[in-house]
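Sequence below, structure please.
(2 chains)
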Amino acid sequence: MEANRLKQVMARIFGVDVSAIGDDASPDTIENWDSLRHMNLVLALEEEFGIELTDDQTVEIMSYPLIKIVLSEHGIEI
Amino acid sequence: MENVAASGVGIVGVGRCLPGKKLSNAQIEAQCNLPPGTIEEKTGVRERYILSDEESSSTLAAAAAKQALEHAGVTPDQIGLIVCCAFTGDYVYPALACKVQEMLGAWNAGAFDLMANCTGFQVGLTVASDRMYVDRNISHVLVIGVTAQSRFINWFDGDSAMYFGDGAGAAVLGRVPEGYGILANDIMSNGRVYEAVRLRGGGSSHPMRQENVDLGLQYFEVNGMEVWKQVIQNQPKVMRRVLEKIGKGIEDVDFYIFHQANLKLIEFLMAKMKQPMAKTFTNVATIGNTSDASMAIALCDAVMAGAIKRDQLLMISGVGAGFTFGATAVRWY
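Below you'll find the predicted structure:
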C-alpha cells in the first residue's frame, strides 16, 4: 500500500509510468531523474507523507531503497 | 568621524552596473547544440549581459560604486575601506580594489580584494562590517561584488555557458542606530568538494602556458549536480546558524536576498522553508548568475523597487565554489 503510494509519487514527478519505478530505481535507471526533478521529489514526498526531510536527507534520497530508509526514519514503513 | 552616537553598521547606499552586450538563450543553445528552451527550463535564465571589448571588471565595479555613493549621499573621500569581492580582476594581481580606488579618487581608503566566489558579496559584508565594528574611525566602507566571467567561459560548453553573466553591484556601509544594520554573519565551508567548480588555468598548479591552454584549463569547469547538492544541503543550515545568533528563526525573516544561481533552486529553497516567493526578489531570469555580483545586484534592484522597508529583518545568503556558504542578518534602516 505505502510502496504503491511512493511509486505513484515518483512516477508523477519523473513523468514515467509507475511500472518503470522498480525496487532499484535511481538516476541510473530513470533518465528523467535530474536535479530539477529531484527537488520536486523532495517537496512531493514531504506533502504526500506529511513529513519534513532534514537538510541531509534531501540529498540522501538518491534511490528507491534510500527513500525507503529515510521514510522509515520518519516512521513510515514501505 | 560622523554620527558617533550610532553604534550599528548598516547598508546606506546601493548601486549596480551591467555590461553592454546582451546574450540570449537562443544564441547559446544554438552554439552548444542544446534543444530550444533547455536553458530556461533548467535554470530559469532567459538572457544575460556580457562585457564588450572596451569593458572590464574595473569599469563595471567603478560604475556600480559611483551609483552606490550617490545613493548613499557619500563622497569618495569619506570611504575608509574598499573591498572588492572578485575572482576575475583586471589582472591576476594587483588587487582590483586598488584600481577602483584610483578610478573613484577615494584617497582615504584602504583597499583589498576578497575571493569567496558566488558568496563573495556576503563575505565582503561580513569583513567590512567587522572592520567597522572594531575601528570606529572608519565611517564608511564600499563593498563591491563584480564579475567578468564571460572571459573565462567556453561558450560552446552548455554545462557552463547556460548559467552565467557579467555585472557589478555595490553597497556603502555606514553608521546606523543601535539595533539596525548588520546584526550577525555566519560563514561555513566544505573543502571536500573543492574540485567541483573550478577555474584552474592561471593558478600556480596550472600556469597560463600553452600546454594548459591546449587542455582548455582557461575555462570554467562546473559540476552542476554537486552545486545543487551543496546548496540544498547547506544553505538552509547557514541561514539557521546566523538566525540562532540573534535569537530568531526562519519564520521571523521578512525578506530574503539570495545568490541568483538558478531560479529553480531559489524556488526550491523558499518552498522547503515554507516561505512564499513574495518574500524574496529574483532577477536571475534577465541577468543570469552573476557570481560575486549576484547578491549585490539583487539587493540593489530590490531596494530600488521598494521591496525592502525599514525595520524589516533581511537575510542575505549565498553559496559559492569552494564550497563556501554565507548568511547575513540585517535589520534594515
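
What parts of chain A come near chain B?
For chain A, the contact set with chain B under Cβ under 8 Å from any Cβ of the partner chain comprises A:35, A:36, A:38, A:39, A:42, A:43, A:55, A:56, A:58, A:59. For glycine as for every other residue, the C-beta is placed from the backbone atoms N, C-alpha and C.

can I see the domain layout of chain B?
B:8-179, B:183-281+B:291-331 (automatic domain parsing).

Out of those, flag the one nearest chain A.
domain B:183-281+B:291-331 (4.1 Å; Cβ to the nearest Cβ).

Next SSE downstream of the helix ranked longest in chain A?
Using DSSP state H, we find that the single longest helix of chain A is helix A:35-49. Next in sequence after helix A:35-49, counting helices and strands by DSSP states H and E, comes helix A:55-60.

mean confidence for the helix or strand just after that following helix?
Scanning forward in sequence from helix A:55-60 by DSSP H and E, the next helix or strand is helix A:64-73. For helix A:64-73, mean pLDDT is 96.

cool, and stretch B:137-144?
On average, stretch B:137-144 scores 97.

Please state the offset of that stretch from the chain centre?
17 Å (Cα atoms, centre = their mean, to the nearest Å).

before we move on, back to that, buried ones in the longest helix of chain A?
By 16 or more other Cβ atoms under 10 Å in any protein chain shown, the buried positions in helix A:35-49 come out as A:35, A:36, A:37, A:38, A:39, A:40, A:41, A:42, A:43, A:45, A:46, A:49.

quick revisit: the residues of chain A next to chain B: which two are farthest apart?
A:36 and A:56 (20.2 Å; Cβ to Cβ).

residue contacts, the closest residue to residue B:304 other than its chain neighbours?
In space, and not counting its chain neighbours, residue B:304 is closest to residue B:14: 7.5 Å by Cβ to Cβ, 6 or more residues apart in numbering or on different chains. Residues in contact with residue B:14 (Cβ atoms under 8 Å, 6 or more residues apart in numbering or on different chains) are B:67, B:68, B:71, B:169, B:170, B:171, B:172, B:296, B:299, B:300, B:303, B:304.

Can I get the longest helix of chain A in CSV? Just the C-alpha atoms.
The C-alpha coordinates for helix A:35-49 follow below in CSV (Å, rounded to 0.1, in the frame of the first residue of the first chain):
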residue,chain,number,x,y,z
SER,A,35,18.5,17.7,-10.1
LEU,A,36,15.4,19.7,-11.0
ARG,A,37,13.0,16.8,-10.7
HIS,A,38,14.8,15.6,-7.5
MET,A,39,14.0,19.0,-5.9
ASN,A,40,10.3,18.4,-6.9
LEU,A,41,10.5,14.9,-5.5
VAL,A,42,11.7,16.2,-2.1
LEU,A,43,8.7,18.6,-1.9
ALA,A,44,6.3,15.9,-3.2
LEU,A,45,7.4,13.4,-0.6
GLU,A,46,7.0,15.9,2.2
GLU,A,47,3.5,16.7,1.1
GLU,A,48,2.4,13.1,0.4
PHE,A,49,3.7,11.7,3.7
